[in-house]
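# Quick one: sequence plus predicted model below, questions after.
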Amino acid sequence: MMGQQGFSGNDSLQKIEVTMARAASLNAGINFETSVGSLASGSNTAALLEAVRVWEAARAAGAFSADQKKLLGDPDSYWHLSEVTPDQEWSLQQTDSSGKATGKPQPVKAPKPGFTTPRPPDARIGTLYAFKVTSSTPRTVRYEITSTRRCVARDDPPGSRRATHRSGRPR
């Protein structure tokens, strides 16, 4: 978490994008502090909330490259991110302090989902072994095998109604 940031419906788009760029450089979320009154009376609320949505979608998808994160972390730079394809592709444009585009826009793309680890070792009946699976995206479903019995893994948080072993016991 990057920390707390005030958020008013009258803030400038550039102020919010500077904050979102710094957060993306650290792959960190932000705790925005606001009020319903401030958002309801703000002249820029819809554009600001859309900017937050776009930046957060790209960050959550793991779309920024290491080089882009380094650039986004520069405190003397300004950036604008626009959505090209929802949750898949964005355009990152550097701007000057007045918001005017400088240079060419950079493509930002969510990585193709897949595993980046080698094939696991061959299984042996009755033997548990450790194998860490890593993927190309931060949205990987996590599977935990805790016994040699067959287990049904689901994309549900532990303790939820559906997160159970096929025998009906909670996972």
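Perfect, thanks for sending it.
# what about Ala23, neighbour count?
22 (other C-beta atoms under 10 Å). (Glycine included, C-beta is placed from N, CA and C.)
# What residues are bridge-paired with Glu89?
For Glu89, the beta-bridge partners are Thr85, Lys109 (DSSP bridges).
# Okay, it and Ile30: tell me how far apart.
Glu89 is 23 Å from Ile30, where distance means C-beta to C-beta, to the nearest Å.
# same check, this time on Ala21
Distance from Ala21 to Ile30, by C-beta to C-beta: 11 Å.
# neighbour-wise, which of those two wins?
Ala21 (25 against 19).
# What helix or strand is the more buried one located in?
helix 13-26 (DSSP states H and E).
# Give me the helices and strands touching the helix or strand following that helix, please.
Using DSSP H and E, the next helix or strand after helix 13-26 towards the C-terminus is strand 31-33. Helices and strands touching strand 31-33, by 3 or more C-beta pairs under 8 Å, 6 or more residues apart in numbering; DSSP states H and E, are strand 4-6.
# Rounded mean pLDDT for the strand it packs on, please.
Average pLDDT, strand 4-6: 89.
# Show me what it is packed up against.
By 3+ C-beta pairs under 8 Å, 6+ apart, strand 4-6 packs against strand 31-33.
# quick one: strands adjacent to the strand it packs on?
Strand 31-33 is paired, per DSSP bridges, with strand 4-6 (parallel).
# quick one: Gly3 and Asn31 touch, right?
Yes - between Gly3 and Asn31 there is a contact under C-beta atoms under 8 Å: 6.8 Å.
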